[in-house]
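A.B. asks: structure for this input, please:
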Amino acid sequence: MTVIVVSGTGTEIGKTVTTAAVAAVALAAGRSVAVLKPAQTGVAPGGPGDAQEVARLAGDGVTTLELARYPEPLAPDVAARRAGLAQIHPQDVADAAAKLATEHDLVLVEGAGGLLVRLDDEGGTLVDAARLLDAPVLLVVTAGLGTLNSTALAAEALRARGVRQLGPVVGSWPSDPDLASRCNLADLPKDAGTPLLGAIPAGAASLTASRFRAEAAGWLGPELGGTWDGTAFTEREAPGAWGR
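C.D. replies: Numbers count the residues shown, from 1 in each chain. As a prediction, this is how the structure comes out:
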């Protein structure tokens, strides 16, 4: 895969740290990596955005590109309209990612907010860009109560639009998971329709960059270049979740 689109079932669920982990594993394998952030919202001019955070965690070898930055933490279409700035369209995203793909082994396109957040007034979304690129979507999901429904809805939306889901990754796995999280670990693959591809530990972004890079492979499955074993993880983290 040359281009992977990273999206999720909501906002603040671990998309950036998941993107950084995938980038770190790819860099460690000797691949050149670019991270494209189509629309950065809620960050002032000159401040570090999500793409810069990926580079900080994954390594200086990551190429970063933002297409637009809007100051208010809103959906990109609304944030652009309120700021009086040009909106980003799916074709813009696809063109930028395709260009980066000619110069890098892997391009990670990290969206803003959830899967179907609008980029423009025409209703264009990151999923439309994925379809133009014929790229799979890596779906970042939450661990706790409510995630099964949102994961199933996201998977259904991707299928309806003819976009392949690479699989779900839990963007923040708690150090002391509650019952819902433990049960969800086994049920998420059923609702996603694909195996679980990883689980990023809560607080991973606060690790030193060197430790983050050293541990990233253990958070991601082989499909993403890592060593994480979903079956073993579920057996260890969710014992007794299906009955007394």
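A.B. asks: any chance you could map the strands in the chain?
C.D. replies: All strands of the chain, identified by DSSP state E, fall at 3-8, 33-41, 63-70, 106-110, 137-141, 165-173, 199-201.
A.B. asks: what's the fifth one packed up against?
C.D. replies: Put plainly, it is strand 137-141. For strand 137-141, the elements it packs on are strand 3-8, helix 15-28, helix 147-160, strand 165-173, helix 179-192, judged by 3 or more CB pairs under 8 Å, 6 or more residues apart in numbering; DSSP states H and E. (C-beta placed from N, C-alpha, C; glycine too.)
A.B. asks: try 7 Å
C.D. replies: With contacts taken as 3 or more CB pairs under 7 Å, 6 or more residues apart in numbering; DSSP states H and E, strand 137-141 sits against strand 3-8, helix 147-160, strand 165-173.
A.B. asks: one more: the last one?
C.D. replies: Packed against strand 199-201 by the contact rule (3+ CB pairs under 7 Å, 6+ apart) you find helix 15-28, strand 165-173.
A.B. asks: one more time with 10 Å
C.D. replies: helix 15-28, strand 165-173, helix 230-237 (3 or more CB pairs under 10 Å, 6 or more residues apart in numbering; DSSP states H and E).
A.B. asks: partner strands of the second one, parallel or antiparallel?
C.D. replies: Here strand 165-173 is paired, per DSSP bridges, with strand 137-141 (parallel), strand 199-201 (parallel).
A.B. asks: hey, which of these is tucked in deepest?
C.D. replies: Ranked by mean neighbour count under mean count of other CB atoms under 10 Å, the strands paired with strand 165-173 are led by strand 137-141, which reaches a mean of 28.
A.B. asks: now that one against helix 147-160, angle please.
C.D. replies: Note on geometry: by axes from the mean of the first three to the mean of the last three CA atoms, to 10 degrees, strand 137-141 and helix 147-160 are set 160 degrees apart in direction.
A.B. asks: what about the protein, any weak spots by pLDDT?
C.D. replies: 240-244 (pLDDT under 70).
A.B. asks: 80 instead?
C.D. replies: Across the chain, the ranges flagged by pLDDT under 80 are 1, 239-244.
A.B. asks: circling back to that earlier point, with distance to Ala154 and mean neighbour count added, can I get the helices and strands packed on strand 199-201 in CSV?
C.D. replies: Below are the helices and strands packed on strand 199-201 laid out as CSV (distance: least, CB to CB, whole Å; neighbours: other CB atoms under 10 Å):
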stretch, distance to Ala154, mean neighbour count
helix 15-28, 13, 26
strand 165-173, 8, 24
helix 230-237, 19, 14
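A.B. asks: with distance to Gly198 added, can I get the ones you listed in TSV?
C.D. replies: Output for these, formatted as TSV (distance: least, CB to CB, whole Å):
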stretch	distance to Gly198
helix 15-28	7
strand 165-173	4
helix 230-237	8
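A.B. asks: noted, bye for now.
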